Structures are given as structure tokens and as C-alpha cells.
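*Asks:* need a structure here:
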Amino acid sequence: MATPSDRISPLILVVDDDPVARMQLRLCLENEGYEIAEAPDGTTGLAIYGHLQPDIVLLDALMPGLDGFECCVRLQSLPRGRHIPILIITGLNDQDSVDRAFAVGAADYVTKPVHWAVLRQRVRRLIQQSQLQQQLEAANRELRRLASVDGLTQVANRRQFDELLNQEWLRCQQQQQQLALLLCDIDCFKPYNDTYGHQAGDRCLQQVAQALKATAHRPGDLVARYGGEEFAVLLPNTDGKGALCVAERMNAQIKALNIPHHSSSVGACVTVSAGGASMIPELELEADILIAAADQALYHAKHTGRDRCCLYTGEPISLVSSASRPLSVSIAAAFNPDSHSPC
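*Replies:* Purely as a prediction, here's the structure:
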């Protein structure tokens, strides 16, 4: 049986303890071009549902053991269960039974003896509604993704960065954990654009963004385009030495790209300057203080020669630069993927 992603025709799961009723339903629905799977009871139906992920489930209301109403409830607790329409077939035509069918989550019902034309129309309508709902949800997910991703570099945008920074600030505040931030700026980027053109500048931004993302690769790390040629890297549970180590790795990774930059005052290829800061958030402080500290470190890196990583270490302003020691120290250091440790 094909999986949901590669199915040509919708798959209907028929759950009924009466083999004659199942055969009649199969013949009717196969004539409409549907694929059919059968289960003789509710427990088997749950197992088949989990394996095949059908597009719709037809449930007999009155079955021994696990009846259709209870089976409907359990189906909806399974993965994707609340997104799959369930149609209950019942021999009961009283108002209480109808109310109960909808109360347990059924999308619709038909009564026995089954009016086949009515059944075909209701099955078709429920499948179409389900498909439209899934398409709408997929479109909404894509819109949310686009709203949080920078279109050029495909890393997080400023909006996503601001949201996650505030979330992580509050989390680290509650758990008394360190939160680190790196601000990275491509050195002499305006001369690069002037020399090589804006298309080359766009490609440079894309390459740098992906190099940063490849370095900050823990699940909680975030690389974002902060503005123009500047990127922000959020590093939860990371102290200052760990942040400086990551910045050095990023610096080395970008140098390894060997993107020519003959208009640079720093060197023959594209380089970055980075400023970092790490702190345990205090109740009376806002996340902006972390940005300000990293920004001051970046300012220091840019005004002491560029192509280096500086760390803000507290009030009064005290900065440690990586320029005083070889980058190869951090590149060769062991790296724990679960924690950014000092080099």
C-alpha cells in the first residue's frame, strides 16, 4: 500500500465487524476510484490507521468490544488523527446517537441501510475539505517560514532574531544560564560591492551566511542577518570564552572560502570582524544590554585592525581580542556539539 505522500488515489479505511457490510462498502467506493483498507474491529482499525495513515475513516458505530464512538476518540489521539475526517455509519437514527457522533469528533455520519449516492457524496466532500485544509495549513506554514527567513541569505531575519533573543533572554533569566551573542560584520563590504558589483556582493553575503550557519550548528543556536552585511549569532548556554572560540572558528571558516577581495584594506580575501558578549540575564535588565555589549566589542574589533574577534567582558569596558593569538589554536581544538566550550 502506498504511503500518504505518493498515493495516486485517496485511501479509505473501513472499520466494520460485518464482512458483508465491508464488502458492500468496498465495492461501492472502489467503483469511485478509491483505494480501500479494511478492519474487522476497532482495535485492528487503530493499528491499520497508524500504519497506513488513510485519507478518511468510515466507522461502524455498533461493534463488539471497541465500538465506533470510542474508536473515533482514540483515532484522534493518534498522529494526524485530528486532521483526518471520520464518518460514522450507524443503524441508530435517534437524536442522541447523532449528537454523540459529533461529540466524539466525527465529521459526518450516515444511517443504515446506507443510501449509496448519499455516502459517495459525503465521502467525496469530506476528502475534498480535508485536502483543502491540508493545503491551507501547508501554505500557512510556508508563510510563517518566509516571514522569519531572510530572502537573500536563507538564514533567520531580524524579526526572527528579535523574537528568539527575547525568548532566550527570559529562559536564561529563569534558569540562571549564560546567553552569548556574536555580531559579525564583513570587512570593507562597500568597496567589495563597488569593485565586484552587487550581484557578486549578494553571492558573498550568501556564502558568509552559510559559513556562519555551518559553525553555529547546535539545535539552539541561531544565525540571523542583522542588517546589510552584518550578522547576529545567538548562542544559548555559552560563556564568554566559548563565544570567542566560536567567533574564531567562524572567522577561519570564512577565510577558508577564499573569496577574493582586492579592495580590502585587511587582506586579499573576504574577512569578518566579530564582537561577542555573554551574560546571565538579570531581572532588571532587558535583552538590549546584550546587543549593546556585543556591539561595543564589534566596534573595538573594527577599530583595532578588523579581521579579528573581540569579547566584551564587563563594566567598565574591558575587551579581549583574539588577534593576539593564532586562530589555529581554536580551529584545532576539540568541539563538543552540545556545548560551546573554551578553546
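
*Asks:* Could you give the number of residues near the closest residue to D55 other than its chain neighbours?
*Replies:* Excluding the flanking residues, the one nearest D55 by Cβ to Cβ, 6 or more residues apart in numbering is P10, at 4.1 Å. For glycine as for every other residue, the C-beta is placed from the backbone atoms N, C-alpha and C. P10 is flanked by 21 other residues according to other Cβ atoms under 10 Å.

*Asks:* Correct me if wrong, but N251 is in a helix.
*Replies:* Yes - per DSSP: H, G, I helix; E, B strand; the rest coil, N251 lies within a helix segment.

*Asks:* where does the stretch 1-150 of the chain have low pLDDT?
*Replies:* 1-6 (pLDDT under 70).

*Asks:* can you do 80?
*Replies:* In the predicted model of the stretch 1-150 of the chain, residues 1-7, 80-82, 91-94, 144-146 satisfy pLDDT under 80.

*Asks:* For it, which segments count as strands?
*Replies:* Under the criterion DSSP state E, counting those that start in this stretch, the stretch 1-150 of the chain contains strands at 11-15, 35-39, 56-60, 86-90, 108-111.

*Asks:* What lies in contact with the first one?
*Replies:* Okay, so that is strand 11-15. 1-2, 4, 22, 25-26, 29, 34-39, 41-42, 44-45, 48-49, 52, 54-60, 63, 68, 71, 123 (Cβ atoms under 8 Å, 6 or more residues apart in numbering).

*Asks:* cool, the second one as well?
*Replies:* With contact meaning Cβ under 8 Å, 6+ apart, strand 35-39 is reached by 1-2, 7, 9-16, 22, 25-26, 29-30, 45, 47-48, 52, 54.

*Asks:* Which of these fall in helices?
*Replies:* R22, L25, R26, L29, E30, G45, A47, I48, L52 (DSSP state H).

*Asks:* Is it correct that C184 is in contact with E229?
*Replies:* No - assessed by Cβ atoms under 8 Å, C184 is found out of contact with E229, at 9.1 Å.

*Asks:* what about those two, which has more around it?
*Replies:* Just comparing C184 and E229: by other Cβ under 10 Å the higher neighbour count belongs to C184, 27 against 20.

*Asks:* Tell me who's in contact with the more buried one.
*Replies:* With the criterion set at Cβ under 8 Å, 6+ apart, C184 makes contact with L212, E230, F231, A232, V233, A247, M250, V272, S273, A274, L298.

*Asks:* As JSON lines, those residues with pLDDT and neighbour count would be great.
*Replies:* Listed next are the contacts of C184 as JSON lines, based on pLDDT from 0 to 100; neighbours: other Cβ atoms under 10 Å:
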{"residue": "L212", "pLDDT": "96", "neighbour count": "29"}
{"residue": "E230", "pLDDT": "97", "neighbour count": "17"}
{"residue": "F231", "pLDDT": "97", "neighbour count": "30"}
{"residue": "A232", "pLDDT": "97", "neighbour count": "24"}
{"residue": "V233", "pLDDT": "97", "neighbour count": "28"}
{"residue": "A247", "pLDDT": "94", "neighbour count": "32"}
{"residue": "M250", "pLDDT": "94", "neighbour count": "26"}
{"residue": "V272", "pLDDT": "96", "neighbour count": "29"}
{"residue": "S273", "pLDDT": "96", "neighbour count": "28"}
{"residue": "A274", "pLDDT": "95", "neighbour count": "30"}
{"residue": "L298", "pLDDT": "95", "neighbour count": "24"}
